[in-house]
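Asks: My questions are about this predicted structure, shown below with the sequence.
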Amino acid sequence: MRRTLDSIVEQTHLPALWVIVDDGSTDETPAILADYAERYPFLRIVRREDRGKRSVGPGVIDAFYAGLEGIDLGEFEFLCKLDLDLVMPPDYFEILVARMRGNPRLGSGSGKPYYHDAAGVLEPEWCDDEIVVGAAKFYRVACFEQIGGFVRQVMWDGIDSHRCRLFGWIARSWDDEELRFLHLRPMGSSDSGVLRGRGRHGHGQYFMGTAPLYLLASGLRRVLQPPRVIGALVMLWGYFSSWLRRKPRYEDLEFRRFLRRYQWSTMFRGKKRAIAKIESEQEAVWNPSIGN
C-alpha cells in the first residue's frame, strides 16, 4: 500500500482530490493512511466497517461508491478508480489527461498491468486493448455519468467498456512503455487464488451476456496465459455451470445484443478490424451532452 501511495503523491499531475476507502482493515492500514492524509491535503480517508467476508466484484464497487458519496462530480473533469496494490509510472495521469483532451471521444483509458512471477520475471497480465484495466480505470466524468457508472456485479470491469462503445465513446488500454504499471498482486488472485478467479471470470462472462461460441474461443486463447490449460478449463466451467443452472444475467437486452454483435464481428474480422468498425458505426450516436 505504501508503494501505491508513494507512486501517486509523486505524480507529475497530482489529483485534485484522492478519496481512499478503507474497507474494514484490521491491520496497520488506518494508521498508515492517517499519516499520509496528514501530509497530503488532497487525500481524504473514508472508513467502512469490516463486513466479515470478502466480496469480490460487488464489494469493490460498493467501496468505490462509498468513496463517491457527497462528491459533486460536476466539479471535476476526470475520475479514476484505483486499487491500492499498484505502482504507477510518474507521469501516468499527465499522459492520460493529455490523450483525452486530444481526443474528445476517448471516454475511458488505462495502461497495461505487469506483475512479477515466481521467478521474479516481469510478465504482462491479460487485457485486450478494447477493455480498460479494472484496477486503474481512468474516466472522463461525462462518459462515466452517461453510461450509468459501474454495475455492482462481478463483470463490472468488462460491462463498462462495452457500454462506452454503446454510447459512442472510445474505451482503450495501451501497452505503451510509459503507461505500464506494476500490479503487486496478479489479477484474479485476491480471493482464494488464481483458479477461483478464472472460474469467477467465466461466471462473469455468462452474466454479461457473452455468446457460448465466443466464450469457447476465448477459452482457447486463455491457454496461452498461466495457469494455461487448467485455468482455461476452470473459466469454461465457470461459464457453463452458470448457464446450466440458469443463473441471472445482466438485464439490459440492448446491451447484450450490442455485445454479441461485437463478439461475432471479432470472430470473423479479428479484434482490431471489429473494434474499428464498431467505433466508426457508433460515432453517429455519440452525444457527450446527454445527461449533463
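Replies: Done, it's in.
Asks: contacts, neighbours, all on C-alpha from now
Replies: Noted.
Asks: is it true that Asp129 lies in a strand?
Replies: No. Counting by DSSP: H, G, I helix; E, B strand; the rest coil, Asp129 is not part of a strand but coil.
Asks: Surely it touches Ser173?
Replies: Yes. Contact between Asp129 and Ser173 holds when scored by Cα atoms under 8 Å: they sit 4.9 Å apart.
Asks: Which residue of the two possesses the greater neighbour count?
Replies: Ser173 (22 against 19; other Cα atoms under 10 Å).
Asks: Could you pull up the residues touching the more buried one?
Replies: 109-112, 127-133 (Cα atoms under 8 Å, 6 or more residues apart in numbering).
Asks: For the residues you listed, point out the one with the lowest pLDDT.
Replies: Of all those, Cys127 carries the smallest pLDDT score, 87.
Asks: next SSE after the helix or strand hosting Val21?
Replies: Taking DSSP states H and E as the criterion, Val21 maps to strand 18-23. Heading C-terminal from strand 18-23, the first helix or strand you meet, by DSSP H and E, is helix 29-39.
Asks: Buried residues, that next one. List them.
Replies: Neighbour-count burial for helix 29-39, counted by 16 or more other Cα atoms under 10 Å, picks out 33, 36-37.
Asks: Show me which of the residues you listed is closest to Leu82.
Replies: Nearest to Leu82, judged by Cα to Cα, of the buried residues of helix 29-39 is Leu33 at 15.2 Å.
Asks: could you measure the nearest residue to Leu106 once chain neighbours are set aside against Gly111, distance?
Replies: Excluding its sequence neighbours, the residue lying closest to Leu106 (Cα to Cα, 6 or more residues apart in numbering) is Ile170, at 4.7 Å. Distance from Ile170 to Gly111, counting by Cα to Cα, to the nearest Å: 15 Å.
Asks: Next: Ser241.
Replies: 33 Å.
Asks: Neighbour count: the two, which is higher?
Replies: Gly111 (27 against 15).
Asks: Mind giving me the packing neighbours of whatever helix or strand Met235 lives in?
Replies: In this structure, Met235 is located in helix 228-244 according to DSSP H and E. For helix 228-244, the elements it packs on are helix 194-208, helix 212-222, judged by 3 or more Cα pairs under 8 Å, 6 or more residues apart in numbering; DSSP states H and E.
Asks: what does it rub up against?
Replies: 195-196, 198-206, 215-216, 219-220, 222-223.
Asks: For the lowest-mean-pLDDT helix or strand in the chain, output the C-alpha coordinates as PDB.
Replies: Counting by mean pLDDT, DSSP states H and E, the weakest-scoring helix or strand in the chain turns out to be helix 212-222, with a mean of 82. In PDB, the C-alpha atoms belonging to helix 212-222 read as follows (Å, rounded to 0.1, in the frame of the first residue of the first chain):
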ATOM      1  CA  PRO A 212     -21.200 -19.600 -25.900                       C
ATOM      2  CA  LEU A 213     -19.100 -19.900 -29.100                       C
ATOM      3  CA  TYR A 214     -17.200 -16.700 -28.300                       C
ATOM      4  CA  LEU A 215     -16.500 -18.000 -24.800                       C
ATOM      5  CA  LEU A 216     -15.100 -21.200 -26.200                       C
ATOM      6  CA  ALA A 217     -12.800 -19.300 -28.500                       C
ATOM      7  CA  SER A 218     -11.800 -17.100 -25.500                       C
ATOM      8  CA  GLY A 219     -11.000 -20.200 -23.500                       C
ATOM      9  CA  LEU A 220      -8.700 -21.400 -26.200                       C
ATOM     10  CA  ARG A 221      -6.800 -18.100 -26.100                       C
ATOM     11  CA  ARG A 222      -6.500 -18.400 -22.300                       C
END
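Asks: Quick one: list the elements packing against that helix.
Replies: helix 228-244, helix 253-269.
Asks: Quickly, which of the ones you listed bottoms out on average pLDDT?
Replies: Looking at these, the bottom one is helix 228-244 with a mean of 87.
Asks: what's the burial count for the residue nearest to Tyr114 when sequence neighbours are not counted?
Replies: Spatially, and ignoring its direct neighbours in sequence, Tyr114 is nearest to Pro124 (4.3 Å; Cα to Cα, 6+ apart). By the criterion of other Cα under 10 Å, Pro124 has 19 neighbours.
Asks: now Thr26
Replies: Thr26 has 10 neighbouring residues, counting by other Cα under 10 Å.
Asks: Could you do Leu236 as well?
Replies: Neighbours of Leu236 under the rule other Cα under 10 Å: 25.
Asks: Would you quantify the distance from it to Phe268?
Replies: 22 Å.
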